[in-house]
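**Q** predicted coordinates and the sequence they were generated for:
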Amino acid sequence: MVVTRQVRPASALIADFHKHFVCRVKIVPDVAEAAFGWIGRKLQGVTGNLVRLENVEFEKAFKVTSTDQQGAMYLMTPDMQERFLALRNDWSKDIRAVLMDSSLNLAIPQKSDWFEPNMNVAADDVVVLHDFLLRLMAVLQITETLDLNTRIWTKD
């Protein structure tokens, strides 16, 4: 018997992060705490590399793991935690992110493939172009929400 996992399409964004770092930080929805409350919170610590941050709302929404605790706290400032919560409210409760190699890799589940063209519709169709422009602007708004366009430190 073969078991396959159905994967929903996702919009993905890979962006230069505004700070230089070498650790890997993974940010995923916190399903354990949401489903099991304080027991789920305790069980999260069993997996290791769990990072506890100061924002209670962020902690309830996301589980953060990292190869370096201090590096994760350097990247996931209180302001960045608020920004991730805003992104979650704007897009989806299932957003996921990995910070690595001084970049942000973000995945947002969608109902359809946003940038796959419909081969049955002409590429110069006004509705198609309008929809594409709206989607592109929405994805670019992520840069604004996470404030990725502001350089805090110079990267060498």
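**A** All right, it came through fine. Given the structure is predicted, the values throughout are model-derived calculations rather than measurements.

**Q** for Val127, give its distance to Glu57.
**A** Distance, Val127 to Glu57, using Cβ to Cβ, to the nearest Å: 39 Å. (Each C-beta comes from the backbone N, C-alpha and C, glycine too.)

**Q** these two: who's more crowded?
**A** Neighbour comparison, Val127 and Glu57: the larger count goes to Glu57, with 11 against 8 (by other Cβ atoms under 10 Å).

**Q** gap between stretch 76-90 and the chain center?
**A** 10 Å (Cα atoms, centre = their mean, to the nearest Å).

**Q** what's it in contact with?
**A** Contact with stretch 76-90 is made by 25, 27, 51, 53-55, 57-58, 61-62, 64, 95, 97, 141-142, 145-147, as judged by Cβ atoms under 8 Å, 6 or more residues apart in numbering.

**Q** report the buried residues of it.
**A** Buried residues in stretch 76-90, defined by neighbour count with 16 or more other Cβ atoms under 10 Å: Met76, Met80, Gln81, Arg83, Phe84, Leu85, Leu87, Arg88.

**Q** so which of those residues are in helices?
**A** Met80, Gln81, Arg83, Phe84, Leu85, Leu87, Arg88 (DSSP state H).

**Q** where does this structure have low pLDDT?
**A** 1-11, 32-48, 114-115, 151-156 (pLDDT under 70).

**Q** distance of Thr150 from Asp16?
**A** Applying Cβ to Cβ to Thr150 and Asp16 gives a distance of 12 Å.

**Q** okay, the two: which has more neighbours?
**A** Counted by other Cβ under 10 Å, Thr150 and Asp16 do not tie: Asp16 has more neighbours, with 13 against 9.

**Q** correct me, but that one touches Ser102?
**A** Yes: when contacts are counted by Cβ atoms under 8 Å, Asp16 is listed as touching Ser102 (6.9 Å).
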